[in-house]
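1. pasting the sequence and the predicted coordinates here, then a few questions.
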Amino acid sequence: MIEDINLSDKKVLIRVDYNVPIENGQILDDYRIKKSLKTINYCIDQGASITLMSHLGRPNGFDENFSLLPVAEKLTELLNKEVLFSDDCISDKALLKSTTLEKGQIHLLENLRFHSGELENCLDFSKTLSFHGDVYINDAFGTAHREHASNVGIVNFFDECDIGFLMKKELKYLSHEITDPIRPFTVVMGGAKIKGKIELIENFLKQSDNLIVGGALSFPFLKVKGYDIDSPLLNDQDIDCAKSLLELSDKLNKNIILPYDFVVSTSIDDFENIDMKTIENINSKDGCFDIGPETTMHYSQILSESETILWNGPLGVSENPYFGTGTQQICRIIEELSNNGVISILGGGDTAAAAKKFSQFNTFTHISTGGGASLELLSGKKLPALLALENNEK
């Protein structure tokens, strides 16, 4: 851990995840930035200087629309101290700035992905990045499932390297608390597709006491059970996956809990013909855009009897006010339970966006900063960025 490294008078290079939404130079969501501050402040308090590096978006070469300059300005505001900025991450000028930082100074590098070497995990690119510091700290959980130069290749060039406080917290709640949870342990899964989530669902079937499935993720399961449900999101591959997962649930003597009813309409834009239908009465012409009130009540009851809750994925088209009620109600019951001491763990991405929209965001025990990284870790997979650090210690 970072606390085991003597940081006094050291130049610390921190990989952070500042891949945040920016529009017209304004940061729309600074959650990931705020979550990096604990590690930054700790390093400063220990007498270090800091160089920060991150990617933003998927630029094709240099593109000022993907510049991290607005992030430097936001950091200056949040830390109440000037954050220096370099308009390149490997230029001689940027390297000189890092190597001449005084104790307590902070320096943010320009977008790593302006260089192809980042995505290619180019060792020459990694080596050049390593010249920015004496100590390397990875606190970018959101990219830990990727094998890139700034989180995997770079580890080869440091004797002292470890994870930061954000990464530590993500591992605590997305790995340790899930492997040995306080029971009953309930998992709520939503979203659109089973593809890419098979290992995740298998893992949850084995570990959870209750596995609740909603949103379009429930469609293939309902189709296998013989209900006349249809959607552009349904395909043969997902139906086959659902069939094998239902067979596994029977084998494990576990139950995949599916919706009783839905909020339906002829299309997502048809607000005149919204109706509530039980699954028995649904036909292939109905568009199911939210879980219904009976389902919401049933899910809420299960949640109220839980001691640990993991929620990953909206339960309907929650960005649309006509179809966000189910997600909103489930979000609020989890929020209420969190206030009463229940451990609540939320996945990143769409789940975090829903929580921010429907609740007091800071109520939950943990809201992940990673999307794909969260899914891989919850599936029981080893993350490349963490493997690189483990191998460096051997």
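-> Great, that's in hand.
2. got any ranges where the stretch 151-300 of the chain has weak pLDDT?
-> Applying pLDDT under 70 to the stretch 151-300 of the chain flags no residue at all.
3. which strands and helices sit next to the helix or strand Asn391 falls within?
-> Using DSSP states H and E, the element containing Asn391 is helix 384-393. Under the contact definition 3 or more Cβ pairs under 8 Å, 6 or more residues apart in numbering; DSSP states H and E, helix 384-393 sits against strand 160-163. (C-beta placed from N, C-alpha, C; glycine too.)
4. rerun at 10 Å
-> Helices and strands touching helix 384-393, by 3 or more Cβ pairs under 10 Å, 6 or more residues apart in numbering; DSSP states H and E, are strand 135-138, strand 160-163, helix 165-171, helix 372-378.
5. export that helix as PDB, just CAs?
-> Only the C-alpha atoms of helix 384-393 are listed here, as PDB (Å, rounded to 0.1, in the frame of the first residue of the first chain):
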ATOM      1  CA  PRO A 384      -4.100  -6.400 -15.800                       C
ATOM      2  CA  ALA A 385      -3.100  -3.200 -14.000                       C
ATOM      3  CA  LEU A 386      -3.100  -5.000 -10.600                       C
ATOM      4  CA  LEU A 387      -1.400  -8.100 -12.000                       C
ATOM      5  CA  ALA A 388       1.500  -5.800 -13.300                       C
ATOM      6  CA  LEU A 389       1.900  -4.500  -9.800                       C
ATOM      7  CA  GLU A 390       1.800  -7.900  -8.200                       C
ATOM      8  CA  ASN A 391       4.400  -9.300 -10.700                       C
ATOM      9  CA  ASN A 392       6.700  -6.300  -9.900                       C
ATOM     10  CA  GLU A 393       6.700  -7.200  -6.200                       C
END
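6. measure how far it is from the centre of its chain, please.
-> Put simply, helix 384-393 sits 20 Å off its chain's centre (Cα atoms, centre = their mean, to the nearest Å).
7. buried set for it?
-> 384-386, 388-389, 392 (16 or more other Cβ atoms under 10 Å).
8. number of nearby residues for the nearest residue to Lys172 once chain neighbours are set aside?
-> The spatial neighbour of Lys172 that comes closest, neighbours along the chain excluded (Cβ to Cβ, 6 or more residues apart in numbering), is His366 at 7.9 Å. When neighbours are counted by other Cβ atoms under 10 Å, His366 registers 17.
9. try Asp4
-> Should you count by other Cβ under 10 Å, Asp4 turns out to have 7 residues around it.
10. measure it to Ile163 for me?
-> 11 Å (Cβ to Cβ, to the nearest Å).
11. for the nearest residue to Leu383 once chain neighbours are set aside, what are its contacts?
-> With sequence-adjacent residues excluded and distances taken as Cβ to Cβ, 6+ apart, Leu383 is closest to Ala144, at 4.2 Å. Residues near Ala144 by Cβ atoms under 10 Å, 6 or more residues apart in numbering: 15, 17, 138, 151-152, 163, 167, 170-171, 370, 372-374, 376-377, 382-389.
12. just the buried subset of those, please.
-> So, by 16+ other Cβ under 10 Å, the buried ones in those are 15, 17, 138, 151-152, 163, 167, 170-171, 370, 372-374, 376-377, 383-386, 388-389.
13. now Tyr260: how far from Ile212?
-> If you go by Cβ to Cβ, the gap between Tyr260 and Ile212 works out to 12 Å.
14. mutual contacts of these two, please.
-> What both Tyr260 and Ile212 touch, as defined by Cβ under 10 Å, 6+ apart, is the set 291, 295, 298-299.
15. just the strands from the stretch 251-394 of the chain, written as ranges.
-> Counting by DSSP state E, counting those that start in this stretch, one finds strands in the stretch 251-394 of the chain at the ranges 256-257, 261-265, 275-278, 287-291, 308-312, 343-346, 366-367.
16. export these as CSV, with columns for distance to Glu82.
-> Converted to CSV, the strands of the stretch 251-394 of the chain look like this (distance: least, Cβ to Cβ, whole Å):
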stretch, distance to Glu82
strand 256-257, 52
strand 261-265, 51
strand 275-278, 56
strand 287-291, 47
strand 308-312, 39
strand 343-346, 34
strand 366-367, 29
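17. isn't Asp302 right up against Asp209?
-> No, residue 302 isn't Asp; it's Ile. Yes. Using Cβ atoms under 10 Å, Ile302 makes contact with Asp209 at a distance of 9.2 Å.
18. anything in contact with each of those two?
-> By Cβ under 10 Å, 6+ apart, Ile302 and Asp209 have these common neighbours: 184, 186.
19. for the closest residue to Ser49 other than its chain neighbours, helix, strand, or coil?
-> Using Cβ to Cβ, 6+ apart and skipping the chain neighbours, the partner closest in space to Ser49 is Leu101 (3.7 Å). Here Leu101 is coil, with the state taken from DSSP: H, G, I helix; E, B strand; the rest coil.
20. how about Leu101, what does it touch?
-> So Leu101 contacts 11-12, 48-51, 84, 107, 132-133 (Cβ under 10 Å, 6+ apart).
21. phi first, then psi, for the residue of the chain most remote from its centre.
-> Within the chain, Asn281 marks the point farthest from the mean C-alpha position, 36.1 Å out by Cα atoms, centre = their mean. Per-residue torsions, Asn281: phi -100, psi 0 (degrees, to the nearest 10).
22. quick one: it from Glu272, how far?
-> From Asn281 to Glu272 the distance is 20 Å (Cβ to Cβ).
23. equivalent analysis for Arg183, please.
-> 46 Å.
24. who has more neighbours, these two?
-> Arg183 (11 against 7).
25. show me the strands in the stretch 1-150 of the chain, by range?
-> Using DSSP E, counting those that start in this stretch, strands in the stretch 1-150 of the chain cover 11-15, 22-23, 26-27, 49-53, 83-85, 106-108, 135-138.
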